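Colleague: structure of the sequence below:
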Amino acid sequence: MKQMGPLYMTFSGFLSLIPLPTEGIYSSGLKMYLVESKGGAIACMLLALSFLGTWPAIMTLLERRGRLPQHTYLDYTITNLLAAVIIALTFGQIGSSTAEVPNFLTQLSQDNWPCVLFAMAGGVVLSLGNLSTQYAWAFVGLSVTEVITSSITVVIGTTLNYFLDDKINKAEILFPGVGCFLIAVCLASAVHSSNAADNKAKLMAQGIDTSVVKEASPNNGDPENGSSGTAPKAKFGTADFLIEVEKRRSIKVFGKSTLIGLVITFFAGVCFSLFSPAFNLATNDQWHTLKEGVPHLVVYTAFFYFSVSCFVLALILNIIFLYRPVMDAPKSTLRAYLSDWNGRGWAFLAGLLCGFGNGLQFMGGQAAGYAAADAVQALPLVSTFWGIVLFGEYRKSSRRTYILLGSMLFMFIAAVGVLMASSGHRKD
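Modeller: Purely as a prediction, here's the structure:
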């Protein structure tokens with residue numbers, strides 16, 4: 001029997017004093033700490049759900065306050081990579097490296113490039129998806145954007161993961177959950193259409209021509225808090241509030257077709273649907289691309305490579321967008337970005353939340369199946385909460401909009417429960 005060192009004995013004794021059900025959540029001893037139990041996987045998914053539903057709200061808040069999306073995304077991508085590095089150098093290094101489960105630094109020098117490329121491909125499509133949704137939030141709204149992208153992710157990505165995971169999830173439970181997401185995306189489209197009609201009616205009732213709304217000065221307050229400098233307070237859901245938000249925000253949407261936002265949203269959804277299957281292939285090598293004797297990438301190493309490619313692509317594209325902006329966003333420069341500290345802390349926080357959220361999703365998926373881990377795509381539950389609280393979405397809307405919104409949220413609650421119930425257990 002292998003002997004345990006004094007440091008491990010001390011650590012184990014400390015853990016025994018904590019009254020939490022830790023049995024089966026991590027494998028410990030001389031091996032790397034990995035989530036192994038169904039309970040531990042579900043805990044990771046729930047925590048990931050809260051993180052991944054919150055960071056889009058922070059990014060949307062900054063855009064509505066007038067911060068350029070290029071500046072925000074550059075800050076976000078730095079801490080998004082930092083989260084992956086922290087996970088790799090902590091969880092990925094805990095315990096001794098073994099031939100079957102090498103630690104993070106050991107794997108960096110191994111001949112595992114086929115799986116590394118799968119991980120990096122996943123990072124590329126995630127980066128494209130995140131970059132796209134940054135603009136879709138402005139055109140379509142936070143809640144509807146997240147509902148559509150998440151639903152597409154589940155319908156395509158979950159199906160791919162189910163077969164890649166050798167059907168370890170219960171199909172009779174899993175696919176009804178996918179059906180719930182399909183219904184939810186239909187309801188989301190109806191919510192968007194109904195709410196857009198409500199907003200148009202509010203503006204027309206005031207005789208407002210959206211094509212002549214001018215940009216606000218830099219000191220006209222914070223419309224998210226219902227104020228506009230020295231002007232009277234604009235209440236959530238009113239025509240005045242809609243005008244104040246449009247004046248302040250960095251991406252102007254009045255007078256533009258919502259079809260633009262929907263196209264961007266569907267493109268982002270397709271990108272999101274591919275990153276998890278790519279990560280699945282990177283960690284489990286279902287296509288047998290590794291040479292004999294080369295161990296699979298552990299989830300922490302794969303996540304590091306995944307995040308590096310995500311970072312590099314985001315860095316390149318957003319530096320280009322500084323000088324050649326899209327969607328009529330204002331131009332900027334690298335010097336202007338470096339000197340822009342307004343909201344930088346919030347952007348850094350968004351990157352950390354997204355990074356740790358993705359890491360937790362992958363940790364849970366490695367244990368219980370990536371198809372079940374797609375339950376985190378119920379993140380619109382969290383995003384809708386923030387959309388209503390922070391941005392006043394659906395305030396003073398019609399009864400029809402409220403009924404559709406409630407139905408959409410109900411289907412998402414059903415979907416996340418059903419997908420988590422389908423969790424299986426990956427065999428060694």
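Colleague: going forward, measure contacts between C-alpha atoms and count neighbours the same way
Modeller: Will do.
Colleague: dead centre of this protein: give me the residue that sits there.
Modeller: Taking Cα atoms, centre = their mean, the centroid of the chain lies closest to residue 52, which sits 4.2 Å from it.
Colleague: C-terminal to the one helix or strand residue 163 maps to, which secondary structure element comes first?
Modeller: For residue 163, the host element (DSSP states H and E) is helix 159-164. Next along the chain after helix 159-164, taking DSSP H and E as the criterion, comes helix 171-205.
Colleague: how big is the angle separating the helix or strand following that next one from helix 171-205?
Modeller: Once the chain leaves helix 171-205, the next helix or strand it forms, by DSSP H and E, is helix 239-248. Orientation note: helix 239-248 sits at an angle of 100 degrees relative to helix 171-205 (axes from the mean of the first three to the mean of the last three Cα atoms, to 10 degrees).
Colleague: packing partners of helix 239-248?
Modeller: If contacts are counted by 3 or more Cα pairs under 8 Å, 6 or more residues apart in numbering; DSSP states H and E, helix 239-248 sits against helix 38-64, helix 171-205.
Colleague: with only the CA atoms kept, save it in PDB.
Modeller: Taking C-alpha atoms only, helix 239-248 is exported to PDB below (Å, rounded to 0.1, in the frame of the first residue of the first chain):
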ATOM      1  CA  ALA A 239     -40.200  55.900 -24.300                       C
ATOM      2  CA  ASP A 240     -37.900  58.400 -22.600                       C
ATOM      3  CA  PHE A 241     -35.900  55.600 -21.100                       C
ATOM      4  CA  LEU A 242     -35.500  53.900 -24.500                       C
ATOM      5  CA  ILE A 243     -34.300  57.200 -25.900                       C
ATOM      6  CA  GLU A 244     -31.800  57.800 -23.100                       C
ATOM      7  CA  VAL A 245     -30.300  54.300 -23.600                       C
ATOM      8  CA  GLU A 246     -30.000  54.800 -27.300                       C
ATOM      9  CA  LYS A 247     -28.200  58.100 -26.800                       C
ATOM     10  CA  ARG A 248     -25.700  56.800 -24.400                       C
END
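Colleague: from the chain's centre, how far out does it sit?
Modeller: Mean C-alpha position of helix 239-248 versus that of the full chain (Cα atoms, centre = their mean, to the nearest Å) differs by 27 Å.
Colleague: quick one: mean pLDDT over it.
Modeller: Helix 239-248 shows a mean pLDDT of 84.
Colleague: compute the inter-axis angle for it and helix 38-64.
Modeller: Between helix 239-248 and helix 38-64, the angle comes out at 80 degrees (the same axes, to 10 degrees).
Colleague: and the next helix or strand past helix 239-248?
Modeller: Sequence order places helix 258-284 as the next helix or strand after helix 239-248, per DSSP H and E.
Colleague: tell me what angle that following helix forms with helix 171-205.
Modeller: 150 degrees.
Colleague: low pLDDT regions in the stretch 101-250 of the chain?
Modeller: Applying pLDDT under 70 to the stretch 101-250 of the chain flags the ranges 168-169, 208-233.
Colleague: 90 - rerun?
Modeller: 101, 138-148, 150-248 (pLDDT under 90).
Colleague: now residue 408: how far from residue 82?
Modeller: For residue 408, the distance to residue 82 (Cα to Cα, to the nearest Å) stands at 35 Å.
Colleague: whoops, residue 255 was the one
Modeller: Separation of residue 255 from residue 82 (Cα to Cα) stands at 39 Å.
Colleague: and those two? Which one has more around it.
Modeller: The neighbour count for residue 255 versus residue 82, taken as other Cα atoms under 10 Å, is higher for residue 82 (21 against 11).
Colleague: isn't the more buried one up against residue 353?
Modeller: No. Judged on Cα atoms under 8 Å, residue 82 makes no contact with residue 353 at a distance of 10.8 Å.
Colleague: per-residue confidence for residue 264?
Modeller: pLDDT for residue 264: 93.
Colleague: over to residue 36?
Modeller: 71.
Colleague: residue 272 too?
Modeller: Per-residue pLDDT puts residue 272 at 94.
Colleague: residues in contact with it?
Modeller: Neighbouring residues of residue 272 by Cα atoms under 8 Å, 6 or more residues apart in numbering: 125, 126, 129, 149, 150, 153, 157.
Colleague: one more time with 7 Å
Modeller: 125, 126, 129, 153 (Cα atoms under 7 Å, 6 or more residues apart in numbering).
Colleague: surely the last one and residue 268 touch.
Modeller: No. With contact defined as Cα atoms under 7 Å, residue 153 and residue 268 do not form a contacting pair (9.2 Å).
Colleague: re earlier: format the helices and strands packed on helix 239-248 as CSV; extra columns: distance to residue 234.
Modeller: Shown next, in CSV, are the helices and strands packed on helix 239-248 (distance: least, Cα to Cα, whole Å):
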stretch, distance to residue 234
helix 38-64, 15
helix 171-205, 14
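Colleague: now residue 277: closest residue in space that isn't a chain neighbour?
Modeller: The shortest distance from residue 277 to any residue other than its chain neighbours is 5.5 Å, reached at residue 161 (Cα to Cα, 6 or more residues apart in numbering).
Colleague: ends of stretch 334-349, how far apart?
Modeller: Per Cα to Cα, the first residue of stretch 334-349 is 21 Å away from its last.
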